[in-house]
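K.L.:
Mind looking at a prediction? Sequence and model below.
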Amino acid sequence: MAKRDNPNREETIKQLKEQIREVPDFPIKGIAFQDIFSLLKSPVLLKTVINLLIEDAKSFGTNVDIVLGLDARGFLIGPSVAMALNAGFVPVRKGGKLPGDTISHSFEKEYGKDVFEIQKDSIEKGQNVLIIDDLIATGGTMLAACELVKALGGNLIGCQLMIELPSLKGIERVTKVFKGIPFKVLINY
Ligand SMILES: O=P(O)(O)OC[C@H]1O[C@H](OP(=O)(O)OP(=O)(O)O)[C@H](O)[C@@H]1O
Ligand SMILES: Nc1ncnc2[nH]cnc12
């Protein structure tokens with residue numbers, strides 16, 4: 001959407017950012033944790049942030065078949081965006097949570113190691129997939145999700161975030177591997 005269609009966008013994003021609480025030394029020492037729950041508890045701001053994410057998702061300009069949400073905070077926003085795009089929702093879950101045949105990918109994030117899983121039949125070959133999560137820090141999490149989409153033969157059309165921590169260069173890391181993949185971010189730090 002062109003800037004003139006939503007002249008208050010920048011101001012609104014600034015207001016959203018002000019409501020995200022920073023918690024020092026969580027979950028481990030040295031991490032400045034950006035807590036989105038201090039924003040989502042407001043009925044007005046919840047609606048605002050979801051509507052802006054929907055606006056961003058539509059601006060990828062490609063028909064999306066599947067919105068892929070990342071465990072767990074990606075689940076808070078993914079289904080609303082999927083509904084607005086008339087797309088389906090598929091979860092990527094932490095290890096051992098999904099029934100049936102799955103594939104997995106290990107990764108490292110800002111504050112530890114983890115493993116992601118996806119159900120083998122959740123994406124059909126060639127389906128257009130948009131990945132959504134609340135935040136990108138080092139990019140380890142998003143990179144793992146991109147690898148899972150690739151392994152299932154999905155057509156990755158983009159990655160969408162509510163928040164980017166640019167100093168950790170996560171987008172740079174992902175786009176080095178998945179060249180040319182577009183990113184959309186609502187709030188930068
Ligand atoms: O860019 P990275 O350094 O990989 O970090 C980003 C990831 O870290 C957080 O998830 P977390 O694993 O804490 O899970 P949660 O959503 O269950 O809280 C966040 O929601 C992202 O998914
Ligand atoms: N600094 C941070 N705040 C919130 N979630 C995160 N995930 C990874 N790094 C994070």
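P.N.:
Everything's here; your move. Ligands and ions are numbered 1, 2, ... in the order given.
K.L.:
so what's the residue nearest to the spatial centre of the chain bridging to?
P.N.:
Nearest to the geometric centre of the chain sits residue 133, at 1.8 Å (CA atoms, centre = their mean). Listed by DSSP bridges, the beta-bridge partners for residue 133 are residue 161.
K.L.:
surely it meets residue 164?
P.N.:
No: counting by CB atoms under 8 Å, residue 164 is not a contact partner of residue 133; they are 10.5 Å apart. Yep, even glycine has a C-beta here, placed from its N, CA and C like the rest.
K.L.:
hang on, the earlier thing: give me the distance between the residue nearest to the centre of the chain and residue 100.
P.N.:
23 Å (CB to CB, to the nearest Å).
K.L.:
One more: residue 31?
P.N.:
34 Å.
K.L.:
more neighbours, the two?
P.N.:
residue 31 (15 against 8; other CB atoms under 10 Å).
K.L.:
The residue lying closest to the more buried one once chain neighbours are set aside - how many residues pack around it?
P.N.:
In this structure, residue 31 finds its nearest non-sequential neighbour in residue 111, 5.2 Å apart by CB to CB, 6 or more residues apart in numbering. A count of nearby residues for residue 111, using other CB under 10 Å, gives 15.
K.L.:
Sounds good, over and out.
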